[in-house]
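Peer 1: Sequence and predicted structure are below.
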Amino acid sequence: MTQSDFAPLRTERLTLRPLGPADAAELHRLINDWDVVRWLSRVPFPYPRELADEWIESTHRQRAAGEAWHLAIVGQEGDKEVLVGCVGLMRQAETRHAELGYWVGRRYWGHGVAAEAAGRLARWGLANLDIDRIVASVLDENDRSAGVLRRVGLKESGTGEAHFLARGGRLPVRLFEGGREEIAGPFTEPEPRPAPIAAADAAPAAEGKPLLLVAACALVDIDGRVLLARRPEGKPMAGLWEFPGGKVEPGETVEEALIRELKEELAIDVSAACLAPFTFASHDAGRFQLLMPLYLCRRWQGTLTATEGQQLAWVRPNKLSDYAMPPADKPLVAMLRDFL
Ligand SMILES: Nc1nc2c([nH]c(=O)n2[C@H]2C[C@H](O)[C@@H](COP(=O)(O)OP(=O)(O)OP(=O)(O)O)O2)c(=O)[nH]1
């Protein structure tokens, strides 16, 4: 397993990348420090030099197995890249959550490095892993780390106990957790555009909210499977699976918008004649009312490609509910399952 199995994640000041054998000496120098280790539950003190090599090796195995993503936090000092600390996500498959952990070398404290790195990895995890929540815990008196978690968007949810290896016993911890809405951003669009129905005599949307018209399509393949696409990191509801499509732009018909979106997102050509109206979603999305006609389409031209790097999945109708989807889509899934 090489470092290239994971594309580095970047933030304004940092790079999060897999650890390599060449990081071991510096990692050991940074972590073999009581002021760092005393806050960490699974790390011994003193920290043996060989453990750095063994642990780095194990991070590759865990990533390959889809169990944990431990990454180096790398910063820039002049034109030199320096190891600053580590950040990790450990997945709990049964409960669809991942535990967030991090540490930063003492000389890099006080610059917001931990929140920047942990926030990036948490958002990446929610958008790309099969998880719905991020959890974390901090030693009771670790206010600094509690502040980091709050900045990432996690909320304090209770108390517990954890074993602290270097302290040789169980100690009280504060528990934190957060989901997509808190960590990856609000579920609503940042700037609701004016309702596409702009005519003075158009019916006002519920409660006078702006209406967001979104065209969506269930592409159905020869085996009766439906295509779902995963909303990428950075968009509202990142990590949820949806029907391909997008907002209807001013001046477009719903079909024109869908044909454009399917071309942009999937590189396929669909003709209006192949778009069969199926049903629609009408959903109160907070600041706007979402109105989403859903079409069925079984014929298209071109090789279906994820042009925006989004994850795609062909899903049997009876498996659709295994995929986390936006709340507006829930009734559509049931209807599709009955129909297909
Ligand atoms: N395409 C699609 N959008 C959905 C579904 N369910 C659902 O709630 N939505 C919502 C999410 C967004 O608020 C809105 C679609 O917006 P979008 O951001 O995907 O649209 P777009 O492709 O035009 O994106 P952009 O150019 O603004 O980035 O509709 C669905 O199944 N498919």
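Peer 2: Everything's here; your move. Numbering: from 1, shown residues only.

Peer 1: hey, let's count contacts and neighbours off CA atoms from now on
Peer 2: Will do.

Peer 1: Where do the strands of the stretch 201-340 of the chain begin and end?
Peer 2: For the stretch 201-340 of the chain, the strands defined by DSSP state E, counting those that start in this stretch occupy 211-219, 226-230, 241-242, 245-247, 276-284, 289-297, 312-315.

Peer 1: Most tightly packed of those strands?
Peer 2: strand 211-219 (a mean of 24; mean count of other Cα atoms under 10 Å).

Peer 1: Could you list the alpha-carbon positions for that one in CSV?
Peer 2: What follows is the C-alpha trace of strand 211-219 in CSV, where atoms were taken according to Å, rounded to 0.1, in the frame of the first residue of the first chain:
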residue,chain,number,x,y,z
LEU,A,211,-39.9,28.4,-4.6
LEU,A,212,-36.8,26.4,-5.7
LEU,A,213,-37.6,24.4,-8.8
VAL,A,214,-35.2,21.5,-9.2
ALA,A,215,-35.5,19.0,-12.1
ALA,A,216,-34.4,15.4,-11.2
CYS,A,217,-34.3,12.1,-13.1
ALA,A,218,-34.3,8.4,-12.1
LEU,A,219,-32.2,6.9,-14.8
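
Peer 1: Now do it against strand 289-297, angle only.
Peer 2: For strand 211-219 against strand 289-297, the angle by axes from the mean of the first three to the mean of the last three Cα atoms, to 10 degrees is 20 degrees.

Peer 1: average pLDDT across strand 211-219?
Peer 2: Averaged across strand 211-219, pLDDT comes to 97.

Peer 1: ok, it near the ligand or not?
Peer 2: Yes - under the criterion of Cα under 6 Å from any ligand atom, the ligand is reached by strand 211-219 at Val214, Ala216.

Peer 1: contacting residues for the closest residue in space to Leu40 that isn't next to it in sequence?
Peer 2: Nearest in space to Leu40, with sequence neighbours left out and distances taken as Cα to Cα, 6 or more residues apart in numbering, is Phe164 at 6.8 Å. The contact partners of Phe164, taken as Cα atoms under 8 Å, 6 or more residues apart in numbering, are Leu40, Ser41, Arg42, Val43, Arg170, Leu171.

Peer 1: For Phe164, give its distance to the ligand.
Peer 2: 43 Å (Cα to the nearest ligand atom, to the nearest Å).
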